[in-house]
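Chemist: this is a predicted model, with the sequence first.
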Amino acid sequence: MTNDWQTIKDLGYLISIVLFIIGLKRLSHPETAKKGNLIAAAGMGLAILIALFIPMEGANNNYLWIAAGIVVGAVIGLVAAKKVLMTKMPEMVSLFNGLGGACSMLIAFVELYNMDANASLASGQGVTTLFALFIGSISFTGSIVAWGKLDGFLRDSLVLPAPQIINLVLLVGILALNVYVAFLPSLDFSFIIALLVLSLIYGVTFVTPIGGGDMPVVISLLNSFTGLGAAGAGLIYGNMVMVTGGILVGASGTILTVLMCQAMNRSLLNVVIGGFGAAGTASGTSREQVVKEAAANDLAIQLKYAQRVMIVPGYGMAVAQAQHSVHELEKFLESEGVEVKYAIHPVAGRMPGHMNVLLAEADVDYPKLMELEDANKEMEQTDMVLVIGANDVVNPAAKEDSSSPIFGMPILDVENAKAVTVLKRSMSAGYAGIQNQLFFGERTKMLFGDAKSSINKLIEEVGTV
Amino acid sequence: MLIEFLKENLLMIYLLTFAVFLGMEIISKVPTVLHTPLMSGANAVSGVVIIGGIILIRQAAPNDYLVLFLGFLGIALATINVMGGFAVTDRMLDMFKKKKK
């Protein structure tokens, strides 16, 4: 009888895995994405039901504890998902990700705690448990730090002295301790505590030096860590759905990470050991330069009589929640016969596709969004480019200054347009911490202020012209 | 010892290898627009670690309160990851839907 249940369980998990795969596949196509998400969710629901109710030999079940955990988690998760602003999405994903990592960590910790004190960890079981503990902890604290940095309560300027050396020493130390613990003849739990603490610290020191435009890459990398953590925890129980689901996420997260690095023309290693923000100050000229300030009513006239306008949104638009106002301005100009398009840089904002999500929220027509290469082709025929809260993605230093930390990253060539207006809060440097020569360009004017109020003022002015 | 380990887990190693390739194939053809929803959806799938929490508690002794509490915590955190992840992805994708009409 137990064997029959075993078979039913394994088949059920297989169905879950297939649903995950179909779900992820559909999630990669715009038309089927919504269904794909639901299919993956159904796969998860099925897996949870199987794990809950298929009889287990010698199990005490303790359903009350499980139900309590699920209810608490579901309420918090659903409320958070419903309440979160679309602009805060990257932070949310990062936080959720950290919690998944924390679960792997807890499972591994308890399994080690439960292990026979005389057992050696030099076995498949022992090594995977140590792995799950290590990777889950990094994913947990790393994601929390990434969340804090994106949310702004942890500053980018918060740097460790010689972060690369600290990280290297910590990593080597943790690995060495892991090997040592694995070959101990009997398990000494104080070592496990030490490993846990060191891994948690490593998660913090691993992410702390990374900043700037590299943040999305880190979140994606941590996402794949969480997948690996889940797979590691799955190996402890020989559980197929955990192993396969975890590996799927681990592999796809890695690919996504590499894709993002390619979009910025950086190698993953460079991102991880780079310390983007710190290197930024070395380049750029410090001589006094003047910027030309734009007046809202002049700009309004220019916009109204332009034929083609290109909008380049960035994180500043997200922070100011200006996407609805931008859409309003776009509609207004279109009604005046101006052709308005959006140029979306692949890493604009804090996550790939961040801008697309925001503009979709504001009901902007999908065909109006142009990808980098297409947008650059049309740049020369564009009468006015409005850069709204974007900086690094339009910085010509990426093409001209080989000492710049963003050198080699493809950018939007807005300086080729007939005129450029940059809407920005102040002259402060972008997220990457470097100065932007575009602002001093001949055809560039600056409109200072909060993106939303600037746009609203523009709409007003365009209406009265 | 290594050979022994490989022998016992050969099927699992096969599975791991194929899953790695499958994961890479699935994602290599994604338009940038969908990167954020996809990352969020994949993130929800990684909450599958909740299964481990469930197994852990089901196997625990009913009076082992430390294990039960840690398991409870694990399940709660993973459920936030799963439920929140899928819900937030659905919300994001809703926005793409809307403007299609």
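Modeler: Sure thing, it's come through. Values in this document were obtained by computation on a predicted structure and should not be read as measured data. Residues are numbered from 1 along each chain as shown, chains lettered A, B, ... in the order given.
Chemist: average pLDDT for the strand or helix carrying A:Asn37?
Modeler: For A:Asn37, the host element (DSSP states H and E) is helix A:33-53. For helix A:33-53, the mean pLDDT works out to 95.
Chemist: what residue is smack in the middle of the chain?
Modeler: Answering for chain A, as no chain was given. When C-alpha atoms, centre = their mean is applied to chain A, the residue found nearest the centroid is A:Pro216 (3.6 Å).
Chemist: not quite, I wanted chain B
Modeler: B:Ser46 (1.9 Å).
Chemist: these two touch, right, that residue and A:Gly100?
Modeler: Yes: applying C-beta atoms under 8 Å, one finds B:Ser46 in contact with A:Gly100, separated by 5.0 Å. (Glycine included, C-beta is placed from N, CA and C.)
Chemist: got the angle for the strand or helix carrying B:Thr89 vs helix A:33-53?
Modeler: B:Thr89 belongs to helix B:85-98 when elements are defined using DSSP H and E. Interaxial angle of helix B:85-98 relative to helix A:33-53 (axes from the mean of the first three to the mean of the last three C-alpha atoms, to 10 degrees): 160 degrees.
Chemist: skipping adjacent residues, who's closest to B:Ile75 in space?
Modeler: Residue nearest to B:Ile75 in three dimensions, not counting chain neighbours: A:Gly69, with 3.1 Å by C-beta to C-beta, 6 or more residues apart in numbering or on different chains.
Chemist: if I look at that neighbour, how far off is A:Lys83?
Modeler: 21 Å (C-beta to C-beta, to the nearest Å).
Chemist: which one's more surrounded, the two?
Modeler: Remark: of A:Gly69 and A:Lys83, A:Gly69 carries more neighbours, 25 against 9, as counted by other C-beta atoms under 10 Å in any protein chain shown.
Chemist: quick check, the more buried one in a strand?
Modeler: No: counting by DSSP: H, G, I helix; E, B strand; the rest coil, A:Gly69 is not found in a strand; it is helix.
Chemist: which helices and strands sit right next to the longest helix seen in chain A?
Modeler: In terms of residue count, the longest helix belonging to chain A (DSSP state H) is helix A:124-151. Applying 3 or more C-beta pairs under 8 Å, 6 or more residues apart in numbering or on different chains; DSSP states H and E, we find helix A:124-151 packed against helix A:89-114, helix A:163-182, helix A:189-207, helix A:215-237.
Chemist: buried ones in the first one?
Modeler: Buried residues in helix A:89-114, counting neighbours by 16 or more other C-beta atoms under 10 Å in any protein chain shown, are found at A:89-112.
Chemist: helix or strand right after the helix or strand of chain B with the lowest mean pLDDT?
Modeler: Counting by mean pLDDT, DSSP states H and E, chain B has its least confident helix or strand at helix B:2-8, which shows a mean of 78. Using DSSP H and E, the helix or strand that directly follows helix B:2-8 along the chain is helix B:10-27.
Chemist: give me the buried positions along that following helix.
Modeler: Result for helix B:10-27 [16+ other C-beta under 10 Å]: buried residues B:12, B:15-16, B:19-20, B:22-23, B:26-27.
Chemist: next, the angle helix A:124-151 makes with the helix or strand that that helix is followed by.
Modeler: Moving toward the C-terminus from helix B:10-27, the next helix or strand (DSSP H and E) is helix B:35-45. Angle, helix B:35-45 to helix A:124-151, by the same axes, to 10 degrees: 140 degrees.
Chemist: got a markdown table for the helices and strands packed on helix A:124-151, with mean pLDDT too?
Modeler: Below are the helices and strands packed on helix A:124-151 laid out as a markdown table (pLDDT from 0 to 100):
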| stretch | mean pLDDT |
| --- | --- |
| helix A:89-114 | 93 |
| helix A:163-182 | 89 |
| helix A:189-207 | 93 |
| helix A:215-237 | 91 |
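Chemist: would TSV of these with distance to chain B be doable?
Modeler: Compiled in TSV, these are given as follows (distance: least, C-beta to the nearest C-beta, whole Å):
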stretch	distance to chain B
helix A:89-114	4
helix A:163-182	12
helix A:189-207	12
helix A:215-237	4
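Chemist: closest one to A:Thr464 among these?
Modeler: helix A:89-114 (35.9 Å; C-beta to C-beta).
Chemist: quick one: distance of the closest one to the chain centre.
Modeler: Distance, stretch centre to chain centre, for helix A:89-114: 17 Å (C-alpha atoms, centre = their mean, to the nearest Å).
Chemist: pLDDT of stretch A:132-142, averaged?
Modeler: For stretch A:132-142, mean pLDDT rounds to 96.
Chemist: now it: buried residues?
Modeler: A:132-142.
Chemist: just the endpoints, please. Distance across stretch A:149-169?
Modeler: 24 Å (C-alpha to C-alpha, to the nearest Å).
Chemist: and for stretch A:298-316?
Modeler: 23 Å.
Chemist: list the buried residues of that stretch.
Modeler: In stretch A:298-316, counting by 16+ other C-beta under 10 Å, buried: A:299-300, A:302-304, A:306, A:308-316.
Chemist: do that stretch and chain B meet at all?
Modeler: No: counting by C-beta under 8 Å from any C-beta of the partner chain, chain B has no neighbours in stretch A:298-316; the shortest distance is 13.5 Å.
Chemist: can you give the distance of that stretch from its chain's centre?
Modeler: For stretch A:298-316, the distance to the chain centre is 29 Å (C-alpha atoms, centre = their mean).
Chemist: what does stretch A:443-459 give?
Modeler: 28 Å.
Chemist: next, the buried residues of it.
Modeler: A:443-447, A:449-452, A:454-459.
Chemist: run a quick neighbour tally on residue 30.
Modeler: Reading this off chain A. By other C-beta under 10 Å, the residues close to A:Pro30 number 17.
Chemist: that was the other one, I meant chain B.
Modeler: By other C-beta under 10 Å, 24 other residues sit near B:Val30.
Chemist: check contacts around it.
Modeler: Residues near B:Val30 by C-beta atoms under 8 Å, 6 or more residues apart in numbering or on different chains: A:28, A:256, B:38.
Chemist: one more pass at 7 Å, please.
Modeler: Applying C-beta atoms under 7 Å, 6 or more residues apart in numbering or on different chains, one finds that B:Val30 lies in contact with A:28, B:38.
Chemist: any regions of the chain where pLDDT drops low?
Modeler: Just going to use chain A. Applying pLDDT under 70 to chain A flags the ranges A:1-2, A:156-159, A:212-213, A:264-265, A:273-289, A:405, A:428-433.
Chemist: wrong chain, I was asking about chain B
Modeler: B:1, B:28-29, B:97-101.
Chemist: next, count neighbours for residue 9.
Modeler: All of this refers to chain A. For A:Lys9, the count of nearby residues is 19 (other C-beta under 10 Å).
Chemist: look at chain B instead
Modeler: Look at B:Asn9: counted by other C-beta under 10 Å, it has 16 neighbours.
Chemist: what separation do you get for the nearest residue to it once chain neighbours are set aside and B:Gly84?
Modeler: Nearest non-adjacent residue to B:Asn9, counting by C-beta to C-beta, 6+ apart: A:Gly124, 6.0 Å away. Remark: distance between A:Gly124 and B:Gly84 (C-beta to C-beta) = 33 Å.
Chemist: and the two? Which one has more around it.
Modeler: Set side by side, A:Gly124 and B:Gly84 show more neighbours around B:Gly84, with 29 against 17, by other C-beta under 10 Å.
Chemist: wait, the more buried one sits on A:Ala81?
Modeler: Yes: the pair B:Gly84 / A:Ala81 is scored as a contact, 4.4 Å apart, by C-beta atoms under 7 Å.
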